[in-house]
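Asks: sequence unknown, structure follows:
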């Protein structure tokens, strides 16, 4: 029977920065779209005839964060369960696998996944009710389906090289723009730039994770994008995904938010993982870049979100 510490490890907390990052950018873009913090200080905070307040935006941000965190944890447990029962995780480098190692019954891991999907669903419904954006229930259902079918079902898209595409869409575009829309009922060029940027960084985390697993994934017939590209091109793709977000800052600056230049500082934590990946490190040596890339995404999002809100 798995211990509490092993369940926590199985939740893969190192991936949670990727759940926090889009909410930070989406919230910053929302505040920036109604005039920034200055507008709230002087009491002029309207958009399209609607009034907004910091407490209102904060409440919606907290609910969006809860949805994002629970979807991420649920997805991690779903991945543990599905890969475990398929045998893909029988030989694996990285965090503990509850199902593959026999530390927990597959049914228990599956229940954990759906418990977190359920919490995300409840928080999402509350957010939808508050924002009166009923159509977003369909988006939420699609997000849960995407989290499950990454490695679940008869034809998981993660085994067909589409993992990065869905991560980009749901942990980049949907999470970021959804956060912004739920708060102010609209989108902006800066919001789109931030969404693409964080989607790119989230995809970079998955890319380096799958780069590490190329040998075992080939044995398990799991054809990830890294397997399709091959080791050399996967490393180039990773570097591109990490660097593209910094170029996208130009769009937010042109959209009237020069303070987003602060996010360039996130290049500092990005340098070590870039060096490690590009110099050909393999196996366990790629575990630190996975964590560092996630932290880079969090730093980038915090700084860009702050820059958008100022």
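Replies: Looks like it arrived, so ask away. Values in this document were obtained by computation on a predicted structure and should not be read as measured data.
Asks: okay, helices next: where are they in the stretch 151-300 of the chain?
Replies: Along the stretch 151-300 of the chain, the segments classed as helices by DSSP state H, counting those that start in this stretch run 163-168, 175-184, 189-212, 214-219, 225-229, 231-254, 267-278, 287-309.
Asks: which one of those helices lies nearest to residue 17?
Replies: Closest to residue 17 of these, according to C-beta to C-beta: helix 287-309, at 3.7 Å. For every residue, glycine as well, the C-beta is placed using N, CA and C.
Asks: which of the helices of the stretch 151-300 of the chain has the lowest average pLDDT?
Replies: For the helices of the stretch 151-300 of the chain, mean pLDDT drops lowest on helix 214-219, to a mean of 90.
Asks: I'd like to know which elements it is packed against.
Replies: Using 3 or more C-beta pairs under 8 Å, 6 or more residues apart in numbering; DSSP states H and E, the elements in contact with helix 214-219 are helix 225-229.
Asks: again, 10 Å this time
Replies: helix 225-229, helix 231-254 (3 or more C-beta pairs under 10 Å, 6 or more residues apart in numbering; DSSP states H and E).
Asks: measure the closest residue to residue 238 other than its chain neighbours to residue 66 for me?
Replies: Using C-beta to C-beta, 6 or more residues apart in numbering and skipping residues adjacent in sequence, the residue nearest residue 238 is residue 207, 4.6 Å away. Between residue 207 and residue 66 the distance is 27 Å, computed by C-beta to C-beta, to the nearest Å.
Asks: ok, residue 74 next?
Replies: 12 Å.
Asks: so what sits against both of the two?
Replies: Here residue 74 and residue 66 share the contacting residues 119, 120, scored by C-beta atoms under 10 Å, 6 or more residues apart in numbering.
Asks: please identify which of the two sits among more neighbours.
Replies: Between residue 74 and residue 66, residue 74 has the larger neighbour count (other C-beta atoms under 10 Å), namely 24 against 19.
Asks: that one contacts residue 152, doesn't it?
Replies: No. Using C-beta atoms under 10 Å, residue 74 makes no contact with residue 152, being 11.3 Å away.
Asks: who touches both of the two?
Replies: Contacts common to residue 74 and residue 152, judged by C-beta under 10 Å, 6+ apart, are residue 113.
Asks: give me every residue that touches residue 105.
Replies: 1, 2, 81, 98, 99, 111.
Asks: most surrounded residue in these?
Replies: Neighbour counts for these (other C-beta under 10 Å) peak at residue 81, which has 30 neighbours.
Asks: and it, what element?
Replies: helix 54-86 (DSSP states H and E).
Asks: just the angle between that helix and helix 287-309, please?
Replies: Note on geometry: by axes from the mean of the first three to the mean of the last three C-alpha atoms, to 10 degrees, helix 54-86 and helix 287-309 are set 160 degrees apart in direction.
Asks: what about the helices in the stretch 1-150 of the chain?
Replies: 4-10, 17-33, 36-42, 54-86, 106-131, 136-149.
Asks: for the longest one, what is the distance to the chain centroid?
Replies: Spelled out, it's helix 54-86. Between the centre of helix 54-86 and the centre of its host chain there is 9 Å, according to C-alpha atoms, centre = their mean, to the nearest Å.
Asks: equivalent analysis for stretch 206-215, please.
Replies: Worked out by C-alpha atoms, centre = their mean, stretch 206-215 lies 17 Å from the chain centre.
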